[in-house]
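In: Attaching a predicted model along with its sequence, questions to come.
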Amino acid sequence: MEDQTIADTRQVSAIGQKVTIRGWIRTRRDSKGGFSFLEVNDGSCLGNLQVVADGELPNYESEIKKLTTGCSVVITGEVKESPAKGQKTEMQADSVKVIGWCDPESYPLQKKRHSFEFLREIAHLRPRSNTFGAVARVRNQICQSVHQFFQERQFFYIHTPVITASDCEGAGEMFQVTSLNLEKMLKAAPKEVDYTQDFFEREAHLTVSGQLEAETYACALSKVYTFGPTFRAENSNTSRHLAEFWMIEPEMAFYDLQDDMTLAEAFIKRIVGDCLSKCEEDMDFFGKWVDKSLLERLEKVASSDFLRLSYTDAVEILTKSKQTFEYPVDWGKDLQSEHERFLTEKEFKQPVILHDYPRTIKPFYMRLNNDDRTVAAMDVLVPGVGEIIGGSQREERYEILEERMKAQDLDLEEYWWYLDLRRFGSVPHAGFGLGLERMVQFVTGMENIRDVIPFPRTPGSAEF
């Protein structure tokens, strides 16, 4: 007799099989006929399996009738066709073994709707709720789709360092990594920190992006991608920001901006399409309980072409619109979420790829256009979220890159290896970045980014 997931046991093909399931009690309902209905879930799917436990089982009175929400059990029995509406199968239990009891007086998860704010306080238990179990399964599917998408296109998966001495974005919002005894240093009160005494013998930080390192491998292996944790020490306490999150960053040699946009569009469509087809039960749950317009919006994204629009044209549309914005729109300023969502949700009602941004608001590595005012940058905007992907063609010309770095007050000696790529067989290349959590938000309709990562790290919060 084999162990089987509840996801498999709920299928018609399981009828007639003798199986063992392992999971947690969601509810117990006793019948006057001398038996009990147990709703059991093991996390493999959203729905529970109904188990019929007969009163003649030897531990019926002593254990089964005392089962409460949260108890863990191992149940063996036969899978039968269910006469109940809304479920294909149920199990007739031959044995019910209690593995772990759960005190109903202190267990914080009960059969009722809990607020997301409350569930964040019990992040170690919230995966057992319907919403967060569904988020975890969809997040897993997205990760699987990411690897399949790039592997099918002959990309190589590479691992870039978590600890780095380079600030990719040039914004300085980085977490410092040190092995120095800070308390001892404070007592000694030196005028300057002597980094030669530190572990790496220089100032080091947690990475904000693996892009620069990925470029080195793209200039040897042609097409690569990274997928790993990144960190931002930005003191932003909003529903859109995390201090620790996961980034997917492909880099492609011999790609220009148009190629970059084409790949980004195909990437988004693949992820959305896979979630709709492979996580149907979970997606229906989000469409019913989280965002009633979600499925229609995702279907449209998966099936429609993305509109390509220059930043300059977008600014003109925004300034001529009758919409009142909290933040004013001017050429040379970065667009805010409200501007991006207006373009995708009201003006065009479809995903939009903005391109060719002012050079003054973009990082040093983006390729300078011939107009000397803009760079070959692009952002993918989607309804409900706004920007979901940011990318660019990278500057492959040594002299121009050096000039851009000097203009942004970067220490050229710190980036000697990055400049070397432009000295030894330089090629046009491009790439983009997608924040995994932003993508999970988009696909699930969850409003707060803290609810799409297992243990959110935010200013003043590093619990669990």
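Out: Nice, thanks for sending it over. Numbers count the residues shown, from 1 in each chain.
In: In CSV, could you pull the C-alpha coordinates for the strand or helix carrying N140?
Out: Using DSSP states H and E, N140 falls within helix 130-152. Taking Å, rounded to 0.1, in the frame of the first residue of the first chain, the C-alpha atoms of helix 130-152 are listed here in CSV:
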residue,chain,number,x,y,z
ASN,A,130,-6.0,28.4,2.1
THR,A,131,-4.6,31.7,0.8
PHE,A,132,-1.0,31.2,1.8
GLY,A,133,-0.9,27.6,0.7
ALA,A,134,-2.2,28.7,-2.7
VAL,A,135,0.5,31.5,-2.8
ALA,A,136,3.2,29.0,-2.1
ARG,A,137,2.0,26.6,-4.9
VAL,A,138,1.7,29.4,-7.4
ARG,A,139,5.2,30.7,-6.4
ASN,A,140,6.6,27.3,-6.9
GLN,A,141,5.0,27.0,-10.4
ILE,A,142,6.4,30.4,-11.4
CYS,A,143,9.9,29.3,-10.3
GLN,A,144,9.5,26.1,-12.4
SER,A,145,8.4,28.1,-15.4
VAL,A,146,11.3,30.5,-15.1
HIS,A,147,13.8,27.6,-15.4
GLN,A,148,11.9,25.8,-18.1
PHE,A,149,11.6,29.0,-20.2
PHE,A,150,15.3,29.7,-20.2
GLN,A,151,16.5,26.2,-20.4
GLU,A,152,14.3,25.5,-23.5
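In: in it, what's buried?
Out: 130-139, 141-143, 145-146, 149-150 (16 or more other CB atoms under 10 Å). For the C-beta atoms, the positions are set from N, CA and C on the backbone; glycine is no exception.
In: ok, now stretch 83-98?
Out: Buried residues in stretch 83-98, counted by 16+ other CB under 10 Å: 88-91, 93, 96, 98.
In: Pick out whichever of those residues sits closest to N237.
Out: V98 (43.0 Å; CB to CB).
In: give the contact list for I388.
Out: By CB atoms under 8 Å, 6 or more residues apart in numbering, I388 lies in contact with 268, 380-382, 434-435, 438-439, 442.
In: Check the residue lying closest to it once chain neighbours are set aside and give its pLDDT.
Out: Excluding the flanking residues, the one nearest I388 by CB to CB, 6 or more residues apart in numbering is V382, at 5.1 Å. Note for V382: predicted pLDDT of 94.
In: count of residues packed around V382?
Out: The tally of other residues near V382 (other CB atoms under 10 Å) stands at 25.
In: Now do the contacts for it.
Out: V382 touches 268, 301, 344, 351, 388, 442, counting by CB under 8 Å, 6+ apart.
In: Wait, the third one touches D379, no?
Out: No - under the contact definition of CB atoms under 8 Å, T344 does not touch D379, with a separation of 11.1 Å.
In: Not counting its own residues, what contacts the helix or strand of the chain with the lowest mean pLDDT?
Out: Here the helix or strand of the chain ranked lowest by mean pLDDT, DSSP states H and E is helix 182-188, holding a mean of 75. Identification of contacts with helix 182-188 by CB under 8 Å, 6+ apart yields V193.
In: I'd like the next helix or strand past that helix.
Out: strand 204-206.
In: Y357: which of the contacts of V382 is nearest?
Out: Ranked by distance to Y357 (CB to CB), the contacts of V382 are led by I388 at 16.1 Å.
In: For the closest one, what are phi and psi?
Out: When read as degrees, to the nearest 10, the backbone of I388 gives phi -120, psi -20.
In: Check the gap between it and A188 for me.
Out: Computed as CB to CB, to the nearest Å, the I388 to A188 distance reads 48 Å.
In: and what of T344?
Out: Distance of T344 to A188, given as CB to CB: 55 Å.
In: Pick out whichever of those two has more residues nearby.
Out: Higher neighbour count among T344 and A188: T344, with 24 against 8, using other CB under 10 Å.
In: phi, psi of the more buried one?
Out: Main-chain torsions, T344, degrees, to the nearest 10: phi -80, psi -30.
In: Once you drop chain neighbours, what's closest to it?
Out: P383 (4.5 Å).
In: That neighbour contacts L343, doesn't it?
Out: No - the criterion here is CB under 8 Å, and P383 misses it with L343 at 9.5 Å.
In: neighbours around D194, how many?
Out: Neighbour number of D194 under other CB under 10 Å is 10.
In: how close does it sit to D372?
Out: With CB to CB as the criterion, D194 and D372 are 43 Å apart.
In: next one: K362
Out: Using CB to CB, K362 is found at 14 Å from D372.
In: Give me the more crowded residue out of the two.
Out: Each of K362 and D372 has its neighbours counted (other CB under 10 Å); K362 has more, 19 against 7.
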